[in-house]
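Asks: Everything below, folded, please.
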Amino acid sequence: MTKLFDALRYNFSLQFVSRLLSFGINMYLLRVVDSSVIGLVNVRLMLLYDTVLFLTREPMRKASILNENLQRFVNLIWLSSRDKAAISVNDDNAARASLISNVMFPLISMALCGVIVPLWMYGSSTPLALPVVLSFAGSAVIEALAEPFCVISLRFSLDKHFAVSQGLLIALKRVFIFALILDTPIDHLTLFSVAQIVAAVAFTLFNYAAFYRYAVSGKAELASFRSYRDFFPRLEEGFDAGSIKAVSTLLAHSVLKQLLTDGSAFVMTFTRLLTLPQQAVYDSIERLGSLVSRLLLAPLEESSFAYFSNAISSAKNSVFKQNTDSHDVLVRTFTALMRDLIVCGLVVSAFGVPYSGVAVSIYGGQVLVANGGASLLATYAVYILIIAINGVTEAFAFATMNVEQIFSHGGFLLVSSLVHLSLSYALCLQFGAIGFILANMANMSVRIVYSWRHINKYLGMKCPSVFALLPSFGTIVFMGFALMGGLFSLVLFGSTPGLSHTLSHLAVGGVLFVMLALHIWQSNCSVHHMSFPALVMPCGETVRDAHEENAVTR
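Replies: Okay, the predicted model is just below:
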């Protein structure tokens, strides 16, 4: 069943619990772990881990590789496909071929590690121990063993499994490090390394066990797979040349996207602009500021891309010229999502600016407050609005791009990444850590413009106007009132030390938030009543049924 909001419900609720748990443990770690260790782990080592995994995952998750030959799709996501003319495997050797091919998926992550690990070892501005670096790189390789099951989950609408597995991975990393720090006297850097490996192994075993259970029980969404063996590659089936081209294009594209996404972390890793404690403060503020992004926006972007890509044919750019209800539903879905995300982003900005100091004090204590954490978080609160808009516009744009358009977008990202890295360096020299956020805001704004131009060209006359995406005038006035009220409360109560003044400041914010929420609910309920019932496909319709009904083949 392809339902956008079912996917959001699972993805949001389960990731909410895991992110909240991780958030609480991070509050503890900031108070007991040396800031230099936190800066080293959360910025440099996690950047290595994220880079390997992103370049392994992104091409398979985003490329249009699901076609009529299911086995070739499976071969590709395991990266085990070979041309029939080059390799021939008879039935007697099928088991041996399966064993060989099953270990080939982590080879791409191992190859990436072969390039990235020396770069981190010898290029990082701070010396790194080889065992620590290998533990983070190794955890990425281990998780790559489970990635094919994640791709199948996304392609065949196993929303609950995907959300559970991702939430489990997030929670296990923090739970393990929390337990190890409490019970063992080993140095903290080693404990982070051990927790990373243990969580990766648990995540991988969970996926293998879950899909074995699905195969035995005959899960409806996986009816196309006859047995557990069908989840694994068969060398004799070969591969689809068009899918290989799509994945190859997106691999190069992903390198540029990673430079743009984590540009500030790359600058911090390979330069001495910020010390490790300063990096720890920036990373802590970024984690706090991106809590909304991680809890709501990231699951929304993943679910939106899955929904749009399952319903839109990127090969038929004239699809929206057809006057059909299903196509109009997609436009209404996109418009409603954009409008609601803009409202959420504005609310976060309106309350994030005056209440950033309180949030920083609660989250990290005086360590963050004394190092300019409040101004960093206030700036990040404004940045959240831009992140929200970019997430859905890029999801829709990518779902409608063909291989040539993705390649063209890669050229845009190449130029943008070079400009972004240079801008991050220059603004950090001028404004300190806050310059990274300003550079990210500029970069993401340009990406929004690029995506919107593509969407406008793709939808043609059906493209909603910018004004149709904005909240009502009354809502904007209410948000301005809430911002002014919060700033007045900050001057009156928030700037004076003491629990009573802090509670008074929070009370004012609570009243303003309730008033604004009630107004938004009342002014938008009619719009939601018209839009949201039509946001889902008919019950019981599978991804492949929807494709056939709309003459869509991915």
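
Asks: all contacts plus neighbour counts: C-alpha atoms, from now on.
Replies: Fine.

Asks: helix or strand right after the secondary structure element (helix or strand) that Ser284 belongs to?
Replies: Assigned by DSSP states H and E, Ser284 belongs to helix 276-289. Downstream of helix 276-289, the next assigned helix or strand under DSSP H and E is helix 291-292.

Asks: Show me what that following helix is packed up against.
Replies: Applying 3 or more Cα pairs under 8 Å, 6 or more residues apart in numbering; DSSP states H and E, one finds that helix 291-292 makes contact with no other helix or strand.

Asks: run the last query once more with 10 Å
Replies: helix 4-32, helix 325-364, helix 373-400 (3 or more Cα pairs under 10 Å, 6 or more residues apart in numbering; DSSP states H and E).

Asks: in the helix or strand following the second one, what counts as buried?
Replies: Toward the C-terminus, helix 325-364 is succeeded by helix 366-369 as the next helix or strand (DSSP H and E). Taking 16 or more other Cα atoms under 10 Å as the basis for neighbour counts, the residues of helix 366-369 that come out buried are Val367, Leu368, Val369.

Asks: just how off-centre is helix 366-369 within its chain?
Replies: Centre-to-centre, helix 366-369 and its host chain are 28 Å apart (Cα atoms, centre = their mean, to the nearest Å).

Asks: Show me the shaky parts of the stretch 51-200 of the chain.
Replies: Within the stretch 51-200 of the chain, the stretches with pLDDT under 70 are 63-69, 79-107.

Asks: for the stretch 401-550 of the chain, same thing?
Replies: Across the stretch 401-550 of the chain (using pLDDT under 70), the flagged ranges come out as 524-550.

Asks: which of the helices and strands packed on helix 291-292 is buried the deepest?
Replies: Ranked by mean neighbour count, the helices and strands packed on helix 291-292 are led by helix 373-400 with a mean of 23 (mean count of other Cα atoms under 10 Å).

Asks: could you give the mean pLDDT of that helix?
Replies: Averaging pLDDT along helix 373-400 yields 87.

Asks: From the contact counts, what lies against the helix or strand just after it?
Replies: Sequence order places helix 403-431 as the next helix or strand after helix 373-400, per DSSP H and E. With contacts defined as 3+ Cα pairs under 10 Å, 6+ apart, helix 403-431 has these neighbours: helix 241-261, helix 263-270, helix 373-400, helix 434-459.

Asks: Let's see that with 8 Å instead.
Replies: Helices and strands touching helix 403-431, by 3+ Cα pairs under 8 Å, 6+ apart, are helix 241-261, helix 263-270, helix 434-459.

Asks: How about the last one, which residues are buried there?
Replies: For helix 434-459, a neighbour-count test (16+ other Cα under 10 Å) marks 434-441, 443-445, 447-448, 450-452, 454-455, 458-459 as buried.

Asks: and what of stretch 195-208?
Replies: For stretch 195-208, burial by neighbour count (16+ other Cα under 10 Å) applies to Ala195, Gln196, Ile197, Val198, Ala199, Ala200, Val201, Ala202, Phe203, Thr204, Phe206, Asn207.

Asks: name the helices or strands packed onto whichever strand or helix holds the fifth one?
Replies: Spelled out, it's Ala199. Taking DSSP H and E as the criterion, Ala199 maps to helix 188-217. Judged by 3+ Cα pairs under 8 Å, 6+ apart, the packing partners of helix 188-217 are helix 130-144, helix 147-155, helix 159-183.

Asks: nearest to Ala517, of those?
Replies: Across these, Ala517 has its closest neighbour in helix 159-183 (27.7 Å, Cα to Cα).

Asks: what's the angle from that closest one to helix 147-155?
Replies: Interaxial angle of helix 159-183 relative to helix 147-155 (axes from the mean of the first three to the mean of the last three Cα atoms, to 10 degrees): 140 degrees.

Asks: what's the distance between Pro127 and Arg44?
Replies: From Pro127 across to Arg44, the span is 11 Å (Cα to Cα, to the nearest Å).

Asks: Kindly report the same for Ala265.
Replies: From Ala265 to Arg44 the distance is 7 Å (Cα to Cα).

Asks: These two: which is more packed in?
Replies: More crowded of Ala265 and Arg44, by other Cα atoms under 10 Å: Arg44, with 25 against 22.

Asks: Surely that one touches Thr271?
Replies: No: the pair Arg44 / Thr271 is not scored as a contact, 11.4 Å apart, by Cα atoms under 8 Å.

Asks: Pull the contacting residues for the nearest residue to Leu259 once chain neighbours are set aside.
Replies: Nearest residue to Leu259 in three dimensions, chain neighbours excluded: Ser417, at 5.9 Å (Cα to Cα, 6 or more residues apart in numbering). Residues in contact with Ser417 (Cα atoms under 8 Å, 6 or more residues apart in numbering) are Leu256, Lys257, Leu259, Leu260, Gly263.

Asks: Generate a ChimeraX selection restricted to the buried entries among these.
Replies: To isolate the buried members of the contacts of Ser417 in ChimeraX, using 16+ other Cα under 10 Å:
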select :256,257,259,260,263
